[in-house]
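Enquirer: with the sequence up front, the predicted model follows.
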Amino acid sequence: MCKFEIGFRFAHVNIRSLTPKSLEVYDIITNENLDFMCLTETWQRSMTDDCLYDASPAGYSFISQTRSRRRGGGVAIIYRSHIRVHKLFIQRTPQLEIVSMKIKYLRRRFILMCVYKSPRYNDIRSVKKIGSMLKGVRSLDLPVIITGDLNIHLDDLSESQTAWFNYYVTLKGMMQNVSCPTHVAGHCLDVVITASRNVEINDVCVEPPMYSDHSLIIWNCKVKQIQRQVCRMLRQRKTHRRLEMVV
């Protein structure tokens with residue numbers, strides 16, 4: 001029988017430059033006892049920047065994706081080192097910056113993605129890239145958690161980008177778990193998207209913007225234990241070394 005006994009604690013914030021705020025992120029992780037801290041707009045220019053090392057408490061590791069050619073962007077996930085993860089290498093697009101991992105912990109397996117879409121890409125084509133991303137990650141046939149800043153006014157149902165986003169989320173059997181404003185301008189720009197009945201999200205807390213112009217979002221998540229028969233089937237499948245997007 002599947003069980004929900006083990007839970008994880010997550011957070012996401014668009015930090016808008018991690019370097020001057022690395023100690024604040026460090027405090028968030030320790031004070032909230034987080035298992036995973038997802039960051040967008042780290043403004044990390046190279047993999048040798050110290051900001052992620054400074055933001056990671058003892059016993060934590062991180063993976064990241066930098067933006068080196070222009071200012072802004074950058075995504076990262078800081079996570080507990082004892083949790084077994086495998087970074088998924090995703091085909092990049094100009095519209096989306098993504099860092100993604102497959103997590104395996106005590107017979108729990110799921111995908112975690114942190115996504116950033118720049119506001120400079122505000123057309124329908126950019127939302128179709130999100131649709132392609134959702135299609136690709138769903139093809140892995142594992143529970144999925146996607147968080148990040150999409151720079152779409154998800155609260156405004158009259159906007160075409162919002163309509164297309166909702167269409168793709170519904171089409172892929174997913175759910176957006178944040179509905180209140182996450183930005184100082186009063187719009188909902190940030191997401192916590194889940195897929196599969198094997199993922200249970202609760203206690204979603206959207207704090208007033210403090211560290212940047214975006215809210216810090218914290219939530220708890222439980223992932224069902226994989227049955228032994230399913231574990232055997234998964235071991236027989238070819239390991240996915242690369243997640244290809246249709247672009």
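Expert: On my side now, so go ahead. These numbers were taken from a predicted model, which means no experiment stands behind them.
Enquirer: all strands for the protein, in order.
Expert: For the chain, the strands defined by DSSP state E occupy 7-14, 36-40, 60-65, 75-80, 84-90, 96-105, 108-117, 144-149, 174-176, 190-195, 199-206, 217-223, 242-243.
Enquirer: looking at these, which is buried most?
Expert: strand 36-40 (a mean of 27; mean count of other C-beta atoms under 10 Å). Backbone N, C-alpha and C define where each C-beta goes, glycine included.
Enquirer: so what strands line up beside it?
Expert: Taking DSSP bridges as the criterion, strand 36-40 forms sheet pairs with strand 7-14 (parallel), strand 75-80 (antiparallel).
Enquirer: just for the protein, where's the confidence low?
Expert: By pLDDT under 70, the low-scoring segments of the chain are 1-5, 68, 226-247.
Enquirer: show me how far the lengthiest helix in the chain is from its chain's centre.
Expert: As assigned by DSSP state H, the longest helix anywhere in the chain is helix 124-138. Here helix 124-138 is found 14 Å from its chain centre; the criterion is C-alpha atoms, centre = their mean, to the nearest Å.
Enquirer: list the buried residues of it.
Expert: 126-127, 129-134, 136-138 (16 or more other C-beta atoms under 10 Å).
Enquirer: pick the one among the residues you listed closest to Leu88.
Expert: Leu88 lies nearest to Val137 out of the buried residues of helix 124-138, by C-beta to C-beta, at 8.6 Å.
Enquirer: chain neighbours aside, what residue packs nearest to the closest one?
Expert: Val144 (5.4 Å; C-beta to C-beta, 6 or more residues apart in numbering).
Enquirer: so the one you found versus Ser215, what's the distance?
Expert: Distance, Val144 to Ser215, using C-beta to C-beta, to the nearest Å: 22 Å.
Enquirer: ok, now Gly186?
Expert: Distance, Gly186 to Ser215, by C-beta to C-beta: 11 Å.
Enquirer: neighbour-wise, which of the two wins?
Expert: In terms of neighbours (other C-beta atoms under 10 Å), Ser215 is the more surrounded of Gly186 and Ser215; the figures are 25 against 10.
Enquirer: my guess is the more buried one contacts Val13, does it?
Expert: Yes - assessed by C-beta atoms under 8 Å, Ser215 is found in contact with Val13 at 7.3 Å.
Enquirer: picking up where we left off before, which strands and helices lie in contact with the longest helix of the chain?
Expert: Packed against helix 124-138, as judged by 3 or more C-beta pairs under 8 Å, 6 or more residues apart in numbering; DSSP states H and E, are the following elements: strand 96-105, strand 108-117, strand 144-149, helix 160-171.
Enquirer: alpha carbons only: can I get stretch 133-140 in CSV?
Expert: Only the C-alpha atoms of stretch 133-140 are listed here, as CSV (Å, rounded to 0.1, in the frame of the first residue of the first chain):
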residue,chain,number,x,y,z
MET,A,133,8.4,21.8,-20.9
LEU,A,134,5.4,20.3,-19.2
LYS,A,135,5.0,17.7,-21.9
GLY,A,136,8.6,16.7,-21.6
VAL,A,137,8.7,16.4,-17.8
ARG,A,138,5.4,14.5,-17.8
SER,A,139,6.9,11.9,-20.2
LEU,A,140,9.2,10.8,-17.4
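Enquirer: centre of the chain versus that stretch, how much separation?
Expert: For stretch 133-140, the separation from the chain centroid amounts to 14 Å (computed by C-alpha atoms, centre = their mean).
Enquirer: equivalent analysis for stretch 156-171, please.
Expert: 19 Å.
Enquirer: which residues are in contact with it?
Expert: Outside stretch 156-171, the residues that touch it by C-beta atoms under 8 Å, 6 or more residues apart in numbering are 122-124, 126-128, 130-131, 134, 150, 152-155, 175-176, 187, 193.
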